[in-house]
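Trainee: Predicted model, plus sequence, below.
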Amino acid sequence: MNPRSSGRGAARRAGRPAARARTARRLPMRYLLPSLLLVALLAMLLLRGYVHSEILADHRVRPPAATDRVPKEILRGGPVIDTRGDRQKTLRVPDRHIVLTFDDGPDPKWTPKVLDVLAEHDAHGVFFVTGTMASRHPGLVARMVREGHEVGLHTFNHPDLSFQSKSRVDRELSQNQLALAGAAGIRTSLFRPPYSSFADAMDNTSWPVARHIGSRGYLTVVNDTDSEDWKRPGVAEIIRRATPADGRGAIVLMHDSGGDRSQTVAALDRFLPTLKQQGYRFTHLTDALDAPSAHARVTGVALWQGRIWIALVTAAEHITDILVVGLAVIGFLVLGRFALMLVLSGIHTRRVRKRDFRWGAPVTEPVSVLVPAYNEAKCIENTVRSLMASDHPIEVLVIDDGSTDGTARIVEGLGLPNVRVVRQHNAGKPAALNRGLANARHDLVVMMDGDTVFEASTVRELVQPFGDPRVGAVAGNAKVGNRDSLIGAWQHIEYVMGFNLDRRMYDVLRCMPTIPGAVGAFRRSALERVGGMSDDTLAEDTDITMALHRDGWRVVYAEKARAWTEAPETVRQLWSQRYRWSYGTMQAIWKHRRALIDSGPSGRFGRVGLPLVSLFMVLAPLLAPLIDVFLLYGLVFGPTQKTVAAWLGVLAVQAVCAAYAFRLDREPMTHLISLPLQQILYRQLMYVVLLQSWITALTGGRLRWQKLRRTGVVEAPGAAARRWQAGGAEGGTAA
């Protein structure tokens with residue numbers, strides 16, 4: 001053997017575990033994509049809040065201060081302040097020249113009207129835009145430049161710069177320039193500070209800002225006349241205040257944003273022709289000053305940075321619009337579902353609780369109970385013993401699906417009558433149920449999970465609907481047995497409200513989507529007609545239920561057939577279970593999609609059942625977190641009171657439905673205390689699970705029958721007391 005070759009082989013073998021470890025540590029795509037989507041959504045919402053001045057905005061305005069540190073030539077000078085380099089001078093507009101300036105835009109409603117009036121009268125002006133508005137309405141900035149107007153900076157978020165640090169001032173300028181580059185491909189050298197007025201209003205707090213602005217290469221532009229159009233004093237008054245005296249030139253302050261500017265537009269339409277008749281020229285600033293253009297073209301990286309910025313802001317605006325539509329959809333779905341549940345579950349309850357209600361002749365024939373089990377050593381004894389207490393004649397078949405923990409031996413060791421164990425290699429739950437069906441002796445078959453316990457009357461109540469020959473399957477009332485923990489209480493609420501109230505509704509609509517695996521009954525002939533349990537999907541219970549509907553069988557709900565199941569006790573286990581459920585439901589919907597175009601019973605289910613299942617079990621949970629997203633958005637950005645009121649309104653509707661469901665199931669209301677927390681946290685978990693299911697479906701992923709870790713703590717009500725009594729009797733006999 002070549003030692004060097006052997007050494008290389010050893011090195012390769014040594015490297016394999018490390019490579020496998022690196023692969024194992026890699027975040028799976030089904031986790032990575034939902035996380036990235038949530039981060040992107042949060043980033044888009046924060047960006048929207050920023051460009052709407054809802055975060056990081058400073059609305060403080062400093063009162064006037066002393067002016068002793070401001071040079072007198074500035075205070076007595078013109079409205080254009082030049083502090084570039086070492087200069088400290090001002091400029092004035094020549095006589096008979098008017099520079100119309102418009103602040104705070106562009107506004108999607110009023111800026112186009114201002115531009116239309118200027119174009120009609122062949123006049124130009126200067127628009128001092130804020131970066132927030134320019135980012136949101138880039139097309140208007142491009143139109144300003146295209147039609148020959150000048151554009152100046154008015155900061156990004158419109159803060160009083162005398163309160164801000166130099167770095168914040170620089171950021172306000174650079175971000176405003178970024179918006180201009182993306183919107184129109186230009187930079188500008190004109191700047192107007194927010195809350196400014198005349199040159200003689202410069203004081204000891206604003207003068208250092210003006211000097212800093214000049215050091216960055218900008219001309220600071222204030223004004224000669226202030227129309228005060230923001231006060232809406234009337235068209236005539238706006239014209240009077242804007243008109244310069246004695247034919248002088250002037251920089252006129254107006255606004256094209258910030259509120260109702262109808263008076264500004266009307267005043268312009270009269271002001272322009274009137275002063276033109278008096279010999280005035282309306283032009284932009286650099287033309288009036290006979291100076292080079294304030295605009296410089298942007299190219300290269302800076303241009304692409306601006307375009308990317310505009311694209312991101314546009315996406316944030318559109319995403320928010322989409323979210324609003326999504327919120328409206330989920331609001332309609334939630335309220336519509338609750339209305340249907342309240343009305344139809346009430347109809348169902350009144351119907352089945354009438355004294356003379358009967359499904360048909362009492363069903364007394366024996367029943368085969370199938371218990372598929374995979375590593376259920378901790379639960380299986382409780383399950384089987386609960387069946388032995390049944391007040392209906394049964395045989396029990398425990399189908400051991402290749403368990404490795406001695407599940408089959410435990411059942412055999414019990415030595416109970418009418419209990420058989422059928423062993424098979426691990427093949428999955430559908431195969432186990434089909435194996436049990438092949439070995440069953442009776443025509444009525446009950447299916448339950450290996451971690452579930454029945455009450456004494458469960459089987460009897462579950463099979464009574466078969467007195468109606470049209471009934472092919474019956475859904476029982478699955479209840480959470482381990483409800484003492486917070487996560488157990490949340491699932492208890494979900495089972496009582498989300499599952500059992502739903503089943504009453506679907507029963508009335510005759511489109512029950514799922515016979516729960518924990519407690520369901522079937523006619524053997526019905527199962528055989530549709531080919532038995534299928535492993536085409538991960539939700540074999542939903543799949544078989546839809547198949548029965550399409551074959552023309554009725555599927556009903558038996559509220560008194562109670563089964564107690566052990567719900568997942570950790571978030572990870574709950575995630576695993578709901579991931580399988582949601583993905584399996586999507587698979588079942590897709591598998592039975594042809595029902596939408598079928599005729600007869602299949603078509604009825606396809607056009608009634610499939611849309612309802614898709615809306616209420618897939619789309620609604622996927623969109624439900626939007627309620628909480630907008631709650632957080634409203635708390636941070638406002639309006640806080642309206643947002644909280646709307647969220648509490650939705651919660652109140654849910655609380656009413658939950659209380660009604662608990663009353664129908666005769667459950668104590670104490671667990672509803674955790675409903676608000678459930679609605680906040682549980683929705684997010686279900687959202688990520690559904691999103692992960694979508695990703696798995698789109699990428700063609702495949703899951704096997706997943707086994708959750710059980711503790712075996714669930715017993716039927718009264719089981720402990722009966723066991724204690726039996727132990728006491730045995731003890732007395734022994735004595």
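Mentor: Structure's in. What do you need?
Trainee: Now tell me what touches the helix or strand harbouring Pro372 from outside.
Mentor: If you go by DSSP states H and E, Pro372 is part of strand 367-373. For strand 367-373, contacts defined as CB atoms under 8 Å, 6 or more residues apart in numbering pick out 380, 383-384, 387, 392-401, 403, 407-408, 411, 429, 432-433, 436-437, 440-442, 444-450, 459, 463, 521. (C-beta placed from N, C-alpha, C; glycine too.)
Trainee: What about these, which are in strands?
Mentor: If you go by DSSP state E, the contacts of strand 367-373 have 394-401, 444-447, 521 in strands.
Trainee: want to try TSV for those, with neighbour count and pLDDT as columns?
Mentor: As requested, the ones in strands among the contacts of strand 367-373 are arranged in TSV below (neighbours: other CB atoms under 10 Å; pLDDT from 0 to 100):
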residue	neighbour count	pLDDT
Ile394	22	96
Glu395	18	96
Val396	24	96
Leu397	25	96
Val398	29	96
Ile399	27	96
Asp400	28	95
Asp401	26	94
Leu444	23	97
Val445	23	97
Val446	29	97
Met447	28	96
Ala521	29	97
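Trainee: quick one: which of these is nearest Val222?
Mentor: Met447 (82.4 Å; CB to CB).
Trainee: Output the strand or helix carrying Phe128 as PDB, restricted to C-alpha atoms.
Mentor: Element membership for Phe128, per DSSP H and E: strand 125-129. C-alpha atoms of strand 125-129 as PDB (Å, rounded to 0.1, in the frame of the first residue of the first chain):
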ATOM      1  CA  GLY A 125     -39.800  78.900 -10.400                       C
ATOM      2  CA  VAL A 126     -37.900  77.000  -7.800                       C
ATOM      3  CA  PHE A 127     -39.300  74.000  -6.000                       C
ATOM      4  CA  PHE A 128     -37.600  73.400  -2.600                       C
ATOM      5  CA  VAL A 129     -38.500  69.700  -2.100                       C
END
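Trainee: If you average the pLDDT over it, what comes out?
Mentor: The average pLDDT within strand 125-129 is 97.
Trainee: Show me what it is packed up against.
Mentor: Packing partners of strand 125-129 (3 or more CB pairs under 8 Å, 6 or more residues apart in numbering; DSSP states H and E): strand 97-103, helix 138-146, strand 150-153, helix 166-184, strand 190-191.
Trainee: Nearest to Thr286 among these would be which one?
Mentor: Taking CB to CB, strand 150-153 is the member of these nearest to Thr286, at 6.6 Å.
Trainee: in terms of contact count, name the helices or strands touching that closest one.
Mentor: strand 125-129, helix 138-146, helix 166-184, strand 186-188, strand 190-191, helix 285-288.
Trainee: what's in contact with the shortest one?
Mentor: Residues from elsewhere that reach strand 190-191, judged by CB under 8 Å, 6+ apart: 126, 128, 150-154, 173, 213, 218-221, 285, 294.
Trainee: run the last query once more with 7 Å
Mentor: Val126, Glu150, Gly152, Leu153, Ile213, Tyr218, Leu219, Thr220, Val221, Leu285, Ala294 (CB atoms under 7 Å, 6 or more residues apart in numbering).
Trainee: same check, this time on the third one
Mentor: The set of residues external to helix 166-184 that reach it, using CB under 7 Å, 6+ apart, is 131, 134-135, 138, 141-142, 145, 151, 153, 155-157, 159, 161, 186-188, 209, 212, 216, 298, 302-303, 305-307, 309-310.
Trainee: And the helix or strand in which Ala659 is found, what does it pack against?
Mentor: Element membership of Ala659 [criterion: DSSP H and E] is helix 640-664. Other elements packing on helix 640-664 under the criterion 3 or more CB pairs under 7 Å, 6 or more residues apart in numbering; DSSP states H and E are helix 300-352, helix 625-637, helix 675-698.
Trainee: need these in JSON lines with distance to Gln577 and mean neighbour count, can you?
Mentor: As requested, these are exported to JSON lines (distance: least, CB to CB, whole Å; neighbours: other CB atoms under 10 Å):
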{"stretch": "helix 300-352", "distance to Gln577": "22", "mean neighbour count": "16"}
{"stretch": "helix 625-637", "distance to Gln577": "19", "mean neighbour count": "18"}
{"stretch": "helix 675-698", "distance to Gln577": "9", "mean neighbour count": "19"}
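Trainee: Put together a markdown table for the ones you listed, with mean pLDDT on each row.
Mentor: What follows is the helices and strands packed on helix 640-664, written out as a markdown table (pLDDT from 0 to 100):
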| stretch | mean pLDDT |
| --- | --- |
| helix 300-352 | 89 |
| helix 625-637 | 75 |
| helix 675-698 | 74 |
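Trainee: Export those helices to JSON lines and append columns for distance to Leu664.
Mentor: As requested, these are arranged in JSON lines below (distance: least, CB to CB, whole Å):
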{"stretch": "helix 300-352", "distance to Leu664": "6"}
{"stretch": "helix 625-637", "distance to Leu664": "25"}
{"stretch": "helix 675-698", "distance to Leu664": "16"}
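Trainee: Please name whichever of these is nearest to His492.
Mentor: His492 sits nearest to helix 675-698 of all the helices and strands packed on helix 640-664, at 9.8 Å, using CB to CB.
Trainee: and Ala179, how many neighbours?
Mentor: 27 (other CB atoms under 10 Å).
Trainee: Show me the contact partners of the helix holding Ala659.
Mentor: 334-335, 338, 341-342, 345, 349, 493, 496-497, 500-501, 627, 630-631, 634-635, 669, 672, 675-676, 679.
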